[in-house]
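**Student:** predicted model follows, preceded by the sequence.
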Amino acid sequence: MTETPPPLSDDELRALEEEYDPEARFRTVTRPIAILSGVVLFLLSVYHFYTAGFGIPRATTHRGLHMGVSLFIVYLSFSSLARNRHKTDGFAVLGVPVTDWMLAIGGAVSAFYVPWIYSQLAFRVGNPLPIDIVMGTVLLVALMEAVRRSMGWPLPVIAALFIAYAYFGKSMPGILVHPGADWANIVNHLYLTSQGIYGTALGVIATYVFHFVLFGVMAQKIGLGQLFIDLATALAGRFAGGPAKVSVVSSAMLGTISGSSIANTVTTGALTIPAMIKIGFKRHFAAAVEAASSTGGQITPPVMGAVAFLMVEYLGIPLRTILIAAVVPAFMHFFGVLVQVHLEAKRLGIRGLRQEELPKAAKVLREGWLSVFPLILLVWMLMSGRTPFLSAFWAIAACMVVYLIQRVMAAGAIEGIKETAAGIYEGFVAGARQSLAVTAAAALVGVVIGVVTLTGVGFKIAFMVTSVAQDWATSFHGVLAVLPFELFTIQTLTLLFTLLMTAVVCVLMGCGVPTTANYIIMVAVAAPVLGMMNVEPLVAHFFVFYFGVLADVTPPVALAAYAGAGIAGANGFKAGNTAFRLSMGKALVPFVFVFSPSLLLVTQSFTLPDFLLAFAGAVLGIVALSAAITNWLLGPLLLVERMLLPAAALMMIAPELVSTLIGATILGVVLLRQYLAGRSGPTPEPAT
């Protein structure tokens, strides 16, 4: 039995989240600044709550107001150097350096400037005044620094490279060459038009994402997160490897209200990781299970890490269509993690939780059913066709009503009302604070999008990738020509190589970049590649989204895995490798739904037979591959079985009837051999 790590205190968990999540590294501020920041953040949440229910103002005004206030608070909340966030260096006013005050005010003023001159924009776009160039430059600098402080270097570096590409276009090699643009034209396009900073990315954050971040905070406030953990423990805890399965199920539930994989890892991992280690799982495996499960929250409807709302804007389709499309792929991810956890528990002989260690599901629901009501209301409104922000308005209002009922029942009428007011204030402040970094990132991503539309680089990259993929496909097809039958056509191989290169790019670009920002960049840079291969837009967007999310568990920047390793006292790199292996469902299924779009249920080419074939093949393929990785099915595998099962998995995952039947036959033979061996005597030595 592995020695259990001591439970971490709330302060230690907070420090751990700050270590691996730049968005949580808030500086220590003086009381006046804390009050100022709190009041401004509360008012920002009140503004968004009101506009969600009673109407959103003109887009540029709404986006500029949201960005300006957020930038102002970013510079009060985040230190220029993470290691100095608990002290103040140099000249300061109320504990905040003068340079930070200058950046805060400059960023806010330059953000408010465009809405202020909105009536004149029609005459200024294409012919900016010197003051326009100055303001645009100030905002670009403020955004770069705000994102660096709140999220790290990757995104500012990407934005700077894109700006350099726009400026030095004439010096670019080969197909990447373009006429170039001077600084005035670059600022004009990025600052004064809706193609850049004030574009779709910022609009989605200000119009949709903020409300769902606020809903997630308020849902946690009324105990919905704890209810999910208790219910998952009651349902899954009794089975082999109980705490690990609790981690998977609870993370799937929490994913419905949360969009942060690191926060999910710390929240549920504080309970599940020590429990996994206690019953016999290795430390790195326990950390990996929690990280892989928590990262799955990014792809779980209805929030999907806020990407669902971006898809609405980019694809122009109803939100409920996207949510339906996300159901099966999300199931496949959690199913893949669950299968590997189960097989690992069986291989190691790890028990489930004892009856006395389990809460009663009926009791959990009886005591906490009221907490579920806002989520049910939210899902019902979204699926019935209401707008996302109106759905969020009523869901947040329901959270406040539930919180009032809970406080009054616990503390009486007068004290309950006081506690409710204080709790709502804290929740509104926390919700706005959690949106600061993603707002700055979305605005900066607008720079990348603006350069793409200014230079056309997205289609140039698409042409380069598809050309290379076609060359590789032709060469590989020539090698396969020695076979007496055609296994793959050149067109299929070209698409396969295009997908592989796109997947690698998405994972690399996702390192250290938040989900929403990564998705927006991939839509501009990678999605056109798949479009040139005639992949349906919804399918292409899901593909780049899934591989962008994988970066959270892909070394060397597997932040969620490192956070889990911090709780487990394990090696972070080892935990990251294991978490990536556990997430293989998320890595394989995108290839399935590209070749068989019916798996997304709502695509133009959906047919029930295609869906059933793809679904069954994916499920069986995940089982086969999980067994090969774990070296266990009904018992330990022979070496030849461990070699055959990955091939069988690939055959079943390929959505084609003959290959699926061949793969299923191989899996069936292995199962039969293991079953008969188990009945006849000792199992053979496992493969090494």
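**Tutor:** Cool, got the structure.
**Student:** by residue count, tell me the biggest helix in this protein.
**Tutor:** helix 413-455 (DSSP state H).
**Student:** beyond it, next helix or strand please.
**Tutor:** helix 457-480 (DSSP states H and E).
**Student:** got the contact list for that following helix?
**Tutor:** 165, 175-176, 178, 451-452, 486-491, 493-498, 501-502, 524-525, 528-529, 531-533 (CB atoms under 8 Å, 6 or more residues apart in numbering). No exception for glycine: its C-beta is placed from N, CA and C like everyone else's.
**Student:** between that helix and helix 413-455, how big is the angle?
**Tutor:** 80 degrees (axes from the mean of the first three to the mean of the last three CA atoms, to 10 degrees).
**Student:** now the element after helix 457-480, going C-ward?
**Tutor:** Assigned by DSSP H and E, the successor of helix 457-480 is helix 490-510.
**Student:** domain ranges for this protein?
**Tutor:** 10-155+171-196, 607-688 (automatic domain parsing).
**Student:** out of those, which comes closest to Gln434?
**Tutor:** Checking these against Gln434 by CB to CB gives domain 10-155+171-196 as the closest, at 7.4 Å.
**Student:** same question for the closest one, mean pLDDT?
**Tutor:** Domain 10-155+171-196 shows a mean pLDDT of 89.
**Student:** could you do stretch 342-357 as well?
**Tutor:** Rounded mean pLDDT across stretch 342-357 is 87.
**Student:** ok now that stretch, how far from the chain's centre?
**Tutor:** 30 Å (CA atoms, centre = their mean, to the nearest Å).
**Student:** buried sites along that stretch?
**Tutor:** Counting neighbours by 16 or more other CB atoms under 10 Å, one finds that the buried residues in stretch 342-357 are 342-348, 350, 352-353.
**Student:** lowest-confidence helix or strand of this structure?
**Tutor:** The weakest-scoring helix or strand in the chain, judged by mean pLDDT, DSSP states H and E, is helix 10-20 (a mean of 69).
**Student:** please identify the buried residues of the helix or strand following it?
**Tutor:** Using DSSP H and E, the helix or strand that follows helix 10-20 towards the C-terminus is helix 31-54. Using 16+ other CB under 10 Å as the test for burial, helix 31-54 gives 33, 36-38, 40-42, 44-45, 47-49, 51-52.
**Student:** out of those, who's nearest Gly427?
**Tutor:** Distances from Gly427 to these, taken by CB to CB, are shortest for Ser45, at 8.2 Å.
**Student:** the closest one reaches Leu214, doesn't it?
**Tutor:** Yes. Between Ser45 and Leu214 there is a contact under CB atoms under 8 Å: 5.9 Å.
**Student:** shared neighbours, these two?
**Tutor:** With CB under 8 Å, 6+ apart as the test, Ser45 and Leu214 both reach 428, 431-432.
**Student:** just among the residues you listed, which is most surrounded?
**Tutor:** Ala432 (29 neighbours; other CB atoms under 10 Å).
**Student:** my read is that that one contacts Leu214, right?
**Tutor:** Yes. Counting by CB under 8 Å, Ala432 does reach Leu214; the two are 7.4 Å apart.
**Student:** need the residues touching each of those two.
**Tutor:** What both Ala432 and Leu214 touch, as defined by CB under 8 Å, 6+ apart, is the set 45, 48.
**Student:** where does the stretch 351-500 of the chain dip in pLDDT?
**Tutor:** For the stretch 351-500 of the chain, applying pLDDT under 70 flags the ranges 480, 482-488.
**Student:** switch the cut-off to 80
**Tutor:** 356-357, 477, 479-489 (pLDDT under 80).
**Student:** closest one of the shared contacts of Ser45 and Leu214 to Ala624?
**Tutor:** Nearest to Ala624 among these, with distances taken as CB to CB, is Gly431, at 43.6 Å.
**Student:** pretty sure Ser194 sits in a strand.
**Tutor:** No. If the criterion is DSSP: H, G, I helix; E, B strand; the rest coil, then Ser194 is coil and not within a strand.
**Student:** ok, now how distant is Thr455 from Thr502?
**Tutor:** With distances taken as CB to CB, to the nearest Å, Thr455 is found 20 Å from Thr502.
**Student:** of these two, give the one with the bigger neighbour count.
**Tutor:** Thr502 (27 against 22).
**Student:** residue ranges of the strands in this structure, please?
**Tutor:** 92-93, 96-97 (DSSP state E).
**Student:** let's have these in CSV, adding distance to Ile414 and mean neighbour count.
**Tutor:** Converted to CSV, the strands of the chain look like this (distance: least, CB to CB, whole Å; neighbours: other CB atoms under 10 Å):
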stretch, distance to Ile414, mean neighbour count
strand 92-93, 40, 14
strand 96-97, 38, 20
